[in-house]
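Peer 1: pasting the structure only:
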């Protein structure tokens, strides 16, 4: 799996801790499902807590544990693949974010349309020291899709500073053009 590099991703890289974070969150879901299935199996097949030591239940538990471990391994491999195809780049006119190995999504946001840039963390991000850089515009999808997730503090701050500077330059440039074109129209 070759990583989808860009000059922006090289300067402000995703953290490999993102792979572990996503795998841990999957593991939590699988463990919850595992215990729910074991409880249901205990009630339905074993006939109560006193019959845990039956060979059928032991076999069932082993199979379920192996399936859970396989699911965690598949989740880990998927997250590695997701990490490798995650692409973001600050172009001349817009920022491009492309993610998703199976059904890739790409969002391109012109700098002039960016209304807010903020950094946040969820609970697991705090534990792993990861940050998400969000870009919001007037579109509904920007709040959901327009973010770079899984960068460390320095990369998040650096991305935010560069994006704010670029957006401000674009706004200033367009205000200057509007003033010039407004003056020339007023003189006609």
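Peer 2: On my side now, so go ahead. In this text the structure is predicted, and so the values were computed from the model without any measurement.

Peer 1: can you give me how far stretch 55-71 is from the chain middle?
Peer 2: Between the mean C-alpha location of stretch 55-71 and the chain-wide mean there is a distance of 31 Å, by CA atoms, centre = their mean, to the nearest Å.

Peer 1: also stretch 9-20?
Peer 2: For stretch 9-20, the distance to the chain centre is 11 Å (CA atoms, centre = their mean).

Peer 1: OK, contacts around the nearest residue to residue 127 once chain neighbours are set aside?
Peer 2: The shortest distance from residue 127 to any non-neighbouring residue, by CB to CB, 6 or more residues apart in numbering, is to residue 21 (7.8 Å). The way it works is simple: take the backbone N, C-alpha and C, and place the C-beta from them, glycine included. Residue 21 is in contact with 124-125, 127-128, 130, 150, counting by CB atoms under 8 Å, 6 or more residues apart in numbering.

Peer 1: likewise for residue 78?
Peer 2: residue 101.

Peer 1: what helix or strand is it on?
Peer 2: Assigned by DSSP states H and E, residue 78 belongs to helix 55-85.

Peer 1: also residue 132?
Peer 2: For residue 132, the enclosing helix or strand under DSSP H and E is strand 131-136.

Peer 1: please name the strands paired to that strand in the sheet, noting orientation.
Peer 2: Looking at strand 131-136 with DSSP bridges, its paired strands and their directions are strand 116-120 (antiparallel), strand 147-151 (antiparallel).

Peer 1: out of the contacts of residue 21, who's nearest residue 162?
Peer 2: Of all the contacts of residue 21, the one sitting nearest residue 162 is residue 150; the distance, using CB to CB, is 17.8 Å.

Peer 1: rewinding a little: by how many degrees do the helix holding residue 78 and strand 147-151 diverge?
Peer 2: Orientation check (axes from the mean of the first three to the mean of the last three CA atoms, to 10 degrees): helix 55-85 against strand 147-151 gives 110 degrees.

Peer 1: give me the buried positions along helix 55-85.
Peer 2: Neighbour-count burial for helix 55-85, with 16 or more other CB atoms under 10 Å as criterion, is recorded at 57, 60, 64, 68, 71-72, 75-76, 78-79, 82-85.

Peer 1: separation between residue 65 and residue 23?
Peer 2: For residue 65, the distance to residue 23 (CB to CB, to the nearest Å) stands at 17 Å.
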